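Student: give me the fold of what follows.
(2 chains)
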Amino acid sequence: MSELCDLTGAELSSRLAAGETTAVEIVESSQARVDAVDAQVGAFLTLTPQLARERAEELDVYLSTGAPQSAAAGIPVAVKDVLTTNGIRTTCGSRILESYVPPYDSTAWTRLAGAGAVLVGKTNCDEFAMGSSNENSAFGPVHNPWDLERVPGGSSGGSAAAVAAGEVVWALGTDTGGSVRQPASLCGVVGLKPTYGRISRYGLIAFASSLDTVGTFTRSVRDAASMLGVLAGWDPRDATSIDADVPDYREELDRGIDGLRIGVISEAFGEGVVPGVATSVRHAIDRLAALGAEVGEVHLPHAEYALSAYYLIAPSEASSNLARYDGVRYGFRAAGDHADSVAMMFATRGQGFGPEVKRRIMLGTYALSAGYYEAYYGQAQKVRTLIIRDYEAAFERFDVLVSPTSPTTAFRIGEKADDPMAMYLNDIFTIPANLAGVPAISVPCGLDESGLPVGLQLTAPILDEVTLLRTAHALESDLALDLRPPLLAEL
Amino acid sequence: MPVDIDIAHVARLARLDLTDEEADRLRDQLGVILEHASKVGEVAAADVPPTASPIPRSNALRDDTPEPSLPVDESLRNAPDREGDRFKVPRIAETGA
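Tutor: Below is the predicted model:
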């Protein structure tokens, strides 16, 4: 049966405005769903039931005065555990931050909270957002609500699964190489990675600073537009945030896509794309054409080097960013009598980080080390320039580009865990947008032969989220998919 | 061909204790990953400028006005060890003459 927590944010907002429900009822519905399914799904690392209750009560008092109501008011949300929350444990899915309680809020959470969103809890993720399956969390995997034996994708797997299962209505994630879009695709929800710098990174615990982007999980494109409207904007605390006007992202959603020029990326049906994905993506492209879009093919000549460039740039930045975990100021410190502080740091880092994080720190340290810097990191930065130029050329001919979000649907837990290269290939379609900073979104476009969700990725030029969301909304409305995971039918 | 890496040297640079088993596994895995990553070298890019950030920015300066900062007690709340208002760590230098 459908409950309040299964509705979209837009539907909840109008019910609240009409006095048909209360913020307390909504959050209770969300918490009941967490109680019913999270033992199986494992989306949350920390729940904040008492805070949520108090917050919802305050909000009901506020709304009863007839005060203006933001799109986020009363919406139950989850926050990925790499975004800081003042006074609430923030672990990054890592032993090294297992008991870290930040003394400050991330700007993304500050903005949502300020608009009246209600925090249900902090969600599980791959350690320091490094991974594509959520199996790299120090606190255990998340299970995909569509099939509990499969991964939800990663690194924002907990946030994606929580939205798919109705445990929350909206969730925050972060996307460095696809960590919002890929799990959104595997869990059958909408995942938006806006332009780099559109949402402040303040309080996003850094993985790769030139790629890290805060993103959103919702069950509708309209909700993604609402959420972005709350989150976007310049922040004096993030020097890389963009000082540009924030449009009303909902305004053009219903304009349609007649005459819009859509480019299908030539690798979209290439090697590695499984038939179940190709079929749904092809159907979605046919529908976009039927809605009036002019569909053509586009080739990004340097896209084949994107994965290589990414696996040099991201680990290089990570090896530098993660130098701060030294057991001195916060986080885990290895027990025992250490000969000196440096020995303590070696032991702390050796015991505190998991295998994938160590792998990337080592990779990045090597790529930046004397004698290798130019050949690896330096060359990767040049390839990044060429990828940006590819996009610039593509966007002279097309308004929006399309591809699958991920070459496969959700795979089995453990299936790729011992093969880092196979795991990295999950991000082949998502990584280029991070290197170029352009906005991209994953929209559900069908189910494969096993009933697992498939996502279509749309990409637009820098700061053109309006066109991106309009296209996504047109497709979503046309397909009108029923995306309720089987798990919920058993409730 | 997989790239051959001096794992012990890189681990020292990264301040990372590795077990022998971890070092062996990393040597193999990084060799394969770097073999793939070396593909960037196939691109002729001698005259291409590097990109450090997708949205280039010059300096982002703020007004030079004092603002409140995090209180000392808050700053020290997550410290693994402290002594008074200081972070406490194992010795950092040889003592004596």
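Student: residues contacting residue B:88?
Tutor: Applying C-beta atoms under 8 Å, 6 or more residues apart in numbering or on different chains to residue B:88 gives the contacts B:79, B:81, B:82. Where you see a C-beta, it was placed from the backbone N, CA and C, and this is true even at glycine.
Student: which parts of chain B are helices?
Tutor: B:7-13, B:20-37, B:72-76 (DSSP state H).
Student: what mean pLDDT does stretch A:375-387 get?
Tutor: The pLDDT scores in stretch A:375-387 average 96.
Student: shaky segments in chain B?
Tutor: Applying pLDDT under 70 to chain B flags residues B:94-97.
Student: what does the stretch 251-400 of chain A give?
Tutor: In the stretch 251-400 of chain A, no residues with pLDDT under 70.
Student: find the nearest non-adjacent residue to the one residue in it that gets nearest to chain B, please.
Tutor: Ranking the residues of the stretch 251-400 of chain A by distance to chain B (C-beta to the nearest C-beta) places residue A:350 first, at 2.9 Å. In this structure, residue A:350 finds its nearest non-sequential neighbour in residue B:17, 2.9 Å apart by C-beta to C-beta, 6 or more residues apart in numbering or on different chains.
Student: neighbours of the residue of the stretch 251-400 of chain A closest to chain B, just the number please.
Tutor: When neighbours are counted by other C-beta atoms under 10 Å in any protein chain shown, residue A:350 registers 17.
Student: hey, where'd the strands end up in the stretch 351-491 of chain A?
Tutor: All strands of the stretch 351-491 of chain A, identified by DSSP state E, counting those that start in this stretch, fall at A:400-404, A:440-447, A:453-459.
Student: equivalent analysis for chain A, please.
Tutor: All strands of chain A, identified by DSSP state E, fall at A:44-47, A:76-80, A:118-123, A:170-175, A:190-193, A:213-218, A:261-265, A:294-298, A:400-404, A:440-447, A:453-459.
Student: which one of those strands lies closest to chain B?
Tutor: The closest of those to chain B is strand A:213-218. By C-beta to the nearest C-beta, the value is 9.8 Å.
Student: contact partners of that closest one?
Tutor: A:8-9, A:83, A:108, A:156, A:159-160, A:162-163, A:169-176, A:179-181, A:183-184, A:189-196, A:198-201, A:204, A:224, A:227-228, A:231, A:434.
Student: also near chain B: which of these, exactly?
Tutor: Applying C-beta under 8 Å from any C-beta of the partner chain to the contacts of strand A:213-218, one finds that A:195, A:196 fall near chain B.
Student: how about the closest residue to residue A:356 other than its chain neighbours, what does it touch?
Tutor: Nearest non-adjacent residue to residue A:356, counting by C-beta to C-beta, 6+ apart: residue A:136, 4.4 Å away. Applying C-beta under 8 Å, 6+ apart, we find residue A:136 in contact with A:93, A:126, A:127, A:130, A:154, A:155, A:354, A:355, A:356, A:357.
Student: do I have it right that the fifth one meets residue A:127?
Tutor: To tie it back to what came earlier, the one meant is residue A:154. No. Contact criterion C-beta atoms under 8 Å: residue A:154 and residue A:127 do not qualify, at 9.9 Å.
Student: which one's more surrounded, those two?
Tutor: The neighbour comparison of residue A:154 against residue A:127 (other C-beta under 10 Å) goes to residue A:154, with 33 against 30.
Student: how about the more buried one, what does it touch?
Tutor: Residue A:154 neighbours (C-beta under 8 Å, 6+ apart): A:125, A:126, A:131, A:132, A:133, A:134, A:135, A:136, A:179, A:182, A:183.
Student: scan those residues and report the most crowded one.
Tutor: Counting neighbours by other C-beta under 10 Å, the top entry in these is residue A:183, with 39 neighbours.
Student: isn't that one right next to residue A:175, touching?
Tutor: No. Using C-beta under 8 Å, residue A:183 is not in contact with residue A:175, being 9.5 Å away.
Student: need the residues touching each of these two.
Tutor: A:156, A:191.
Student: list the contacts of the residue nearest the centre of chain B.
Tutor: Against the mean C-alpha coordinate of chain B, by C-alpha atoms, centre = their mean, the closest residue is residue B:14 at 6.8 Å. Contacts for residue B:14 were tallied using C-beta under 8 Å, 6+ apart; they are A:319, A:349, A:361, A:362, A:365.
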